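Peer 1: Whatever this is, show me its structure:
(2 chains)
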Amino acid sequence: MSRISRLFTRKCPGFIGFTVAGDPDAGTALRVVRTMIDAGLDLLEIAVPYADPVADGPVIERAHTRALEAGTTPDDVFTLVRQVREYAPDLPVVLFTYYNIIHRRGPERFFVDAAAAGADGVLIVDLPIEESGEVAEVARRHGIDRIMLIAPTTSPERRRAILREASGFVYLISLEGVTGERDRLAPDIAGLVGAVREDTYLPLAVGFGISRPEHVRAVAAAGADGVIVGSALVRIVEEHLGDEAGLHEALRTVIGAMRCVLAPGREPDIPGRESVEG
Amino acid sequence: MKAGRYGVYGGQYVPETLMSALIELEETYGRVSADPEFSRQLGWYLREYAGRETPLTYCTNLSQELGCRVYLKREDLLHGGAHKLNNTLGQALMAKFMGKRRLIAETGAGQHGVATAIAGAALGLPVDVYMGEVDTRRQALNVFRMELLGARVIPVASGTRTLKDAINAAMRDWVTNLRETHYLLGSCVGPHPFPRIVRDFQSVIGEETKRQILEREGRLPDTVVACVGGGSNAIGIFYPFVNDDVGLVGVEAGGEGLETPRHGASLSAGSVGVFQGALSYLLQDDDGQALPTHSIAAGLDHPSVGPEHAMLKDAGRVRYEAVTDAEALTAFRRLSRTEGIIPALESAHAVAYALRAADGLDKDGILVVNLSGRGDKDVADVATIHGGAA
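Peer 2: Below is the predicted model of the structure:
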């Protein structure tokens, strides 16, 4: 059983955290990832820095820029994945990337490197099913799950076609828009989860716009198997540039507050939890 | 050829969230392009409002100097001062037929923003225009024109603060608001079906040119020249000539020279990559990141190019050449003095190549240059470069 499959056999929904590799530099990024893992992450999404991340909101876009300015390359991202694999051998790791990174490297070489580094899945944010034939075949050959996106605007027919290609888990986009924190969640997440659930046995993780413990609770209540938090964590990195002690403390606090909503039995005593905001 | 592909190029490399909008756009475009009422209304706007057809001007003085017959296709005389309005009127009308209530656009030189603002005002649709912060400064006059026309200009401060970042910002807005908003893409770039829609709306340039040159000369031209940034004016004039025995030349921004990193010549010096929704030629580094670009002409300052141009390059059907900033400036002044026509700096690239190409033609040779826009917007910039001296 793969690391991703094993995660979703548990009873409570998984907490999935997102980070941009190399943000704000390689050393800090590794320490950030370790703190996130220690705080109770169930799956880690690592973004490959890209200069034109059109699906991302301003917080994550700035993280891409910081990482690129620090000189982060795809090779550095694979190094980070290897370091995570050594630190947390059982933690599932998914690479989140834009397609030109793969195209430029060549799909074969990209997936060879991803598999060698220990990545479990790859999500290519701007590669819809229409364009993904070659990549799907290469990913399968290297035993890497293709995490596919389904949006609220995806038609039922299209959804079924996407689900035929997906493996590992399905990433449900909770709202129409880019990544980023929102005050409120989209109103009908339960409806979206329910509709997709009818078409697949794959686990369903919900992302985009989730930034507060109450959002996490709502997504779990909607029946999701996983909750993905990105901008809220990336923003903590941005707000603590030059204050690394504060950065790790804030990450532990926020992840702890969100994580304990999913597994109430593990609720830690975290100071300042009530003041956590999106 | 697969739908949405030009050879291997084109496609739809976009987040899943955008796919429903692209599917809707493709369906609508198929419907309206077969709808006589749409054609009737668009014909009216192009003729009565925009001022088509535009003249094909014989350049008496330049022809004498160069020793061949030089014509200019006068898109600078279109309402708004550039070819952009052909596309914005077409797409704005299409947005109305789709029931969309708002237009968004991105702009580099400001010409597409102005043309979208004009089309929005004419058709009663509110317009938001994204523009890189750097470009808002170097094209301040066009910012003022857009605002005067009722559009809201939104400066983009991310990335290199130029056209590519404005496109990213517009795509984000579209992803968020796609139910009521039409993204009026300004060039033959981006995911399918945009390259085809823009080409079709701009093909009016080439269709008129063909008819006009046959009336005037009784034969087709030897060479048609157009500048290429994203490539919309070029594909507009080239497309109706693609199956004819006519030399086609696209002129890219050579900036400070192709041997330097400061240029915008993606076809001449780029490699194949995916950028902003399409597979095409791209100026990129070894890791697949788009490189910063440079051109004296803001409208050519872009790292990629429309996918149909990529196919035409590979097929050898169109020759793509690069012209430097310095050559473009020389052409800018020469056309102004010899013909009394001030070209846009973008168009001055095509003029500069024509000055070069004329050498190979005899006195009966016919050269058509697409004068894609007028140079009023660039006059202040050029005056600064020349230290105030004309």
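
Peer 1: okay, CA-based contacts and neighbour counts for the rest of this
Peer 2: OK.

Peer 1: Run through the helices of the stretch 1-150 of chain A in chain order.
Peer 2: For the stretch 1-150 of chain A, helices defined by DSSP state H, counting those that start in this stretch occupy the ranges A:3-7, A:26-38, A:58-69, A:74-87, A:99-105, A:107-117, A:133-141.

Peer 1: Helices along the stretch 51-200 of chain B, start to end?
Peer 2: Using DSSP H, counting those that start in this stretch, helices in the stretch 51-200 of chain B cover B:60-66, B:84-98, B:111-123, B:133-138, B:140-148, B:163-177, B:194-217.

Peer 1: Present those as CSV; the columns should include mean pLDDT and distance to B:Ala226.
Peer 2: CSV is the format used below for the helices of the stretch 51-200 of chain B (pLDDT from 0 to 100; distance: least, C-alpha to C-alpha, whole Å):
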stretch, mean pLDDT, distance to B:Ala226
helix B:60-66, 95, 17
helix B:84-98, 96, 14
helix B:111-123, 96, 17
helix B:133-138, 88, 23
helix B:140-148, 93, 23
helix B:163-177, 85, 20
helix B:194-217, 98, 11
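
Peer 1: Distance to chain A and mean neighbour count added to those helices, as TSV?
Peer 2: Formatted as TSV, the helices of the stretch 51-200 of chain B follow (distance: least, C-alpha to the nearest C-alpha, whole Å; neighbours: other C-alpha atoms under 10 Å in any protein chain shown):
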stretch	distance to chain A	mean neighbour count
helix B:60-66	43	15
helix B:84-98	17	24
helix B:111-123	20	26
helix B:133-138	16	20
helix B:140-148	24	18
helix B:163-177	4	24
helix B:194-217	16	20
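
Peer 1: In the chain, which residue is most central in space?
Peer 2: All of this refers to chain A. Geometric centre of chain A, nearest residue: A:Glu45, 3.6 Å, by C-alpha atoms, centre = their mean.

Peer 1: actually chain B
Peer 2: B:Ser232 (3.7 Å).

Peer 1: Angles on the backbone of the residue nearest to B:Val323 when sequence neighbours are not counted, please.
Peer 2: Closest residue in space to B:Val323, ignoring its immediate chain neighbours: B:Gly254 at 4.7 Å, by C-alpha to C-alpha, 6 or more residues apart in numbering or on different chains. Dihedral pair for B:Gly254: phi -80, psi -10, per degrees, to the nearest 10.

Peer 1: so B:Gly254 sits right up against B:Thr324, yeah?
Peer 2: Yes. Counting by C-alpha atoms under 8 Å, B:Gly254 does reach B:Thr324; the two are 4.2 Å apart.

Peer 1: The two: which is more packed in?
Peer 2: B:Gly254 (31 against 22; other C-alpha atoms under 10 Å in any protein chain shown).

Peer 1: what about the nearest residue to A:Asp145 once chain neighbours are set aside, neighbour count?
Peer 2: In this structure, A:Asp145 finds its nearest non-sequential neighbour in A:Gly121, 4.3 Å apart by C-alpha to C-alpha, 6+ apart. Using other C-alpha under 10 Å, A:Gly121 has 26 other residues around it.

Peer 1: so what's A:Gly121 scoring on pLDDT?
Peer 2: At A:Gly121, the model reports a pLDDT of 98.

Peer 1: Also A:Lys11?
Peer 2: For A:Lys11, the model assigns a pLDDT of 82.

Peer 1: and it, backbone torsions?
Peer 2: When read as degrees, to the nearest 10, the backbone of A:Lys11 gives phi -80, psi -40.

Peer 1: separation between it and A:Asp52?
Peer 2: Between A:Lys11 and A:Asp52 the computed distance is 38 Å (C-alpha to C-alpha, to the nearest Å).

Peer 1: Tell me which of the two has more neighbours.
Peer 2: Taking other C-alpha under 10 Å, A:Lys11 and A:Asp52 do not tie; A:Asp52 has more neighbours (22 against 10).
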